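Peer 1: got a predicted structure here, sequence first:
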Number of protein chains: 4
Amino acid sequence: MSGSMGTPVVVERPTLRRGRPRDDRLDAVIVSAAVAEVGAKGWGGATIDGIAARAGVGRGTIYRRWPSKTDLFQYAATAVMRPVEASDSGSFVEDLFAAVLPIADMLTRPELAALLPSLLAEAANDPSIRQTLRTFVAQSRQQAIEAVERARIRGDIVASTDAETLVDMLAGALVYRRLLLGEATDAAAVRALVRQAVQSCATPTSTEEDS
Amino acid sequence: MSGSMGTPVVVERPTLRRGRPRDDRLDAVIVSAAVAEVGAKGWGGATIDGIAARAGVGRGTIYRRWPSKTDLFQYAATAVMRPVEASDSGSFVEDLFAAVLPIADMLTRPELAALLPSLLAEAANDPSIRQTLRTFVAQSRQQAIEAVERARIRGDIVASTDAETLVDMLAGALVYRRLLLGEATDAAAVRALVRQAVQSCATPTSTEEDS
Amino acid sequence: MSGSMGTPVVVERPTLRRGRPRDDRLDAVIVSAAVAEVGAKGWGGATIDGIAARAGVGRGTIYRRWPSKTDLFQYAATAVMRPVEASDSGSFVEDLFAAVLPIADMLTRPELAALLPSLLAEAANDPSIRQTLRTFVAQSRQQAIEAVERARIRGDIVASTDAETLVDMLAGALVYRRLLLGEATDAAAVRALVRQAVQSCATPTSTEEDS
Amino acid sequence: MSGSMGTPVVVERPTLRRGRPRDDRLDAVIVSAAVAEVGAKGWGGATIDGIAARAGVGRGTIYRRWPSKTDLFQYAATAVMRPVEASDSGSFVEDLFAAVLPIADMLTRPELAALLPSLLAEAANDPSIRQTLRTFVAQSRQQAIEAVERARIRGDIVASTDAETLVDMLAGALVYRRLLLGEATDAAAVRALVRQAVQSCATPTSTEEDS
DNA sequence: GTATAAACGAGACGGTACGTCGGGTCTTCAA
DNA sequence: TTGAAGACCCGACGTACCGTCTCGTTTATAC
């Protein structure tokens, strides 16, 4: 049911190869076909046959790479999720913005936007997918939380601020708009969101200094 | 693929009834069996046979009411979503709390928590389910937004506050925790969340008055 | 699975009746609808709903009279099978003709021609239907056999004649033509058949006397 | 509803084969499982699942070969019907015996004896099955008719003999005993039957020569 | 008359088989 | 050995039918 996340190809193979070599370009072709198929029909509606046809590939070629539909799904989701990189510019608002913007970007990119609902649904019942998702989310969330913590240490925000709550509100607003309202949030809107959020923890003197 | 949401029974029937009347109690029995089955196995893993067995009912009895698995799902989801009632206590924090708490409650109740991920996944590809979901979300959201607007009119919060953003952050934090982090938010945590959120729009004099 | 053959209505009812009396005309209506339905679609293809619709009757009205589809079938078959009456004219050929002609008639009448194949098929697996069929066939066959035996006693035919074989050939030819060749045999052809058959047992002097 | 009778596999396939070839041994396994199932429960009582289980095969493997239960039935019936080979020994009685015995054999073999009633019932409503059956019967019948005609040309039998009638009586007796009386006719009984039948057309001189 | 009780048309109900389709495995040929 | 094709086993889907069970309505007889 699972697969080792992060490894490009799930099934390990020996370096010494005999016979026809595997065509590595097919990996990407299959994954993007899978993403397209799932985007069009949902993971439930998507079929391996459909993905294979879309990729111009035989069913066996898919199963040779991923043991099951779920594994392919999991791998495809992993492929489109890229971890948020740490940003430490010294400016609280900028750091927070830098941590949150990639989330908004991912939610806007059509591949992940197409996969995310199915990914969440599968995660609810598949521990492996859940683990993958949780790990990724925790990493991204941690970047933002640390930015908040640094700001608190610097005294840029009030000490009573709960970093986790602040981050959950920011990331949550993006997810909520995407999943529940069906709306994307562009960079400008993200900036507005961050600005309003930081007011909840701004020190009296800091409220006017940043734009 | 769909059916008219909100109607108790999807298939419309004439008021003049001939023959044995449909046993309306079975509707609830089937829906709760469906919710239980989906909770246990996910919507993908749930089977009509399993639901029928759980409900002590024949498969035909289910298909007589809902033309397909998807329709039953849609109806079951609707059945567990209860609209948020307006609250106008005069206290901004209380009104906001009253508007947000039901969302947290729903996300905590096991039935909806089990259905929601699948519901979102289906909504992504089924316009009818999407419409149903959007309508419900918009209603709940509107209650909270209006509470914020009333507060602004009363001068309880700064005029520059964007009500939608505030509400999205609150609701979003709950959804984010539930779906992405897998955490429930209890009443106390909701209160803490609201308290921190209102600081982002508090007037200078209001920051100390409530604890 | 069975029912008491020969009784017009299978389920016995007390003479003292209260409530609305059963409408006896419906028996015939239903049976003829059943015959029509079976003729059109075969017993396997026929449905109780179809018969009920054809008869302008509710399904319960049928099941009140016959406990199952098989019982209705069995009853309908019985209704169209009328026993061959004995004939003892003193002429061997005439008696044989009188015994065989009704068989040809039945095989020609559309009702039985429609039911017979299904009847045989059901008889193969339903002991009750088999019993009904065998009894009727044995009775008809016995009439012909006795005509042959009387002729032997009178010395009209050679003593070595096997009556059963002779009768089986006659009746068999009719059945074979009907079931296997799809041909009906009219009265003239029956007469020709009998004439050829009696030659197999004719005494040397008897061959020319009958026309 | 039909398929081309006589072809081993109903669905035609191209000579250029790609992919895993169909396992031709399964055809026979399935057919014999079907015959066994039908023999045990009748065609109406037999189920595809039962046949599949008996054959140790998936349902799809059956449907890949025959589009419907009826088609499998038709094919199975064809498979057990083997045409009668011509016999021209010079002896009228022997030729006739040789032509009729295979019919008795088929009616005795349990496979066909089990299938025949259902086959006749289906033939009544399915033109394709009817055609198949009629063709086979006509072939067998023709062998016997030609034997009679040869005898007439040789002068072994009286010129007035109607070959068709004679054959219908012989074959009919066998069918009648099997279907209506439920009795098998063994080789000795067939010989007795033929002997009695030929007396109906024997020339005066020939009556004593054969025993 | 009026009450009783069964028959009737209609259709819901629990089952079960049908025929379809998809998942995941295995087996052929060609590259 | 890879890859395309497709057969294979399994099992769920949605349909249709069987035989049973209510409903509301009609229609006889009993009181």
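Peer 2: Noted; the coordinates are in hand.

Peer 1: ok, and the closest non-adjacent residue to residue A:102?
Peer 2: Leaving aside its sequence neighbours, residue A:102 sits nearest to residue A:84 (Cβ to Cβ, 6 or more residues apart in numbering or on different chains; 4.6 Å). Placement of C-beta: from N, CA and C, glycine included.

Peer 1: residue contacts, that neighbour?
Peer 2: Taking Cβ atoms under 8 Å, 6 or more residues apart in numbering or on different chains as the criterion, residue A:84 is in contact with A:99, A:102, A:103, A:139, A:140, A:143, A:144.

Peer 1: mark which of those are buried, thanks.
Peer 2: A:99, A:102, A:103, A:140, A:143, A:144 (16 or more other Cβ atoms under 10 Å in any protein chain shown).

Peer 1: in what helix or strand does the residue lying closest to residue A:124 once chain neighbours are set aside lie?
Peer 2: Once flanking residues are discounted, residue A:124 sits nearest to residue B:117: 4.4 Å by Cβ to Cβ, 6+ apart. According to DSSP states H and E, residue B:117 maps onto helix B:110-123.

Peer 1: name the SS class of residue A:23, please.
Peer 2: coil (DSSP: H, G, I helix; E, B strand; the rest coil).

Peer 1: do you know how far it is from chain B?
Peer 2: The gap separating residue A:23 from chain B is 31 Å, by Cβ to the nearest Cβ, to the nearest Å.

Peer 1: beyond the lowest-mean-pLDDT helix or strand in chain A, next helix or strand please.
Peer 2: Least confident helix or strand, chain A: helix A:110-123 with a mean of 88, by mean pLDDT, DSSP states H and E. Proceeding N to C from helix A:110-123, the next assigned helix or strand is helix A:127-154, under DSSP H and E.

Peer 1: is any residue of that following helix near chain B?
Peer 2: Yes: Helix A:127-154 comes into contact with chain B (Cβ under 8 Å from any Cβ of the partner chain), by way of A:130, A:133, A:134, A:137, A:138, A:141.

Peer 1: which among those end up buried?
Peer 2: Among the residues of helix A:127-154 next to chain B, those classed as buried by 16+ other Cβ under 10 Å are A:130, A:133, A:137, A:141.

Peer 1: who are the contact partners of the first one?
Peer 2: If you count contacts by Cβ under 8 Å, 6+ apart, residue A:130 has them with A:123, A:124, B:182.

Peer 1: emit the PyMOL select command for whichever of these are buried.
Peer 2: Buried members of those can be picked out in PyMOL with the line below, counting by 16+ other Cβ under 10 Å:
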select buried, chain A and resi 123+124
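
Peer 1: between the contacts of residue A:84, which is nearest DNA strand F?
Peer 2: Set against DNA strand F, the nearest of the contacts of residue A:84 by Cβ to the nearest atom of the strand is residue A:139 (31.9 Å).

Peer 1: any idea how far residue A:81 is from residue A:103?
Peer 2: In this view, residue A:81 and residue A:103 are 10 Å apart by Cβ to Cβ, to the nearest Å.

Peer 1: what of residue A:46?
Peer 2: Taking Cβ to Cβ as the measure, residue A:46 falls 25 Å from residue A:103.

Peer 1: hmm, the host helix or strand of residue A:28 in reach of DNA strand F?
Peer 2: Element membership for residue A:28 (DSSP H and E) is helix A:25-45. Yes: residues of helix A:25-45 contacting DNA strand F under Cβ under 7 Å from any atom of the strand: residue A:26.

Peer 1: so which bits of that helix are buried?
Peer 2: In terms of neighbour count (16+ other Cβ under 10 Å), helix A:25-45 has its buried residues at A:26-27, A:30-39, A:42-45.

Peer 1: ok, those vs DNA strand F, which is closest?
Peer 2: Here the nearest of those to DNA strand F, counting by Cβ to the nearest atom of the strand, is residue A:26; it sits at 5.1 Å.

Peer 1: how close does the residue nearest to residue A:55 when sequence neighbours are not counted get to residue C:80?
Peer 2: Nearest residue to residue A:55, sequence neighbours excluded (Cβ to Cβ, 6+ apart): residue A:33, at 3.7 Å. Residue A:33 sits at a distance of 64 Å from residue C:80 (criterion: Cβ to Cβ).
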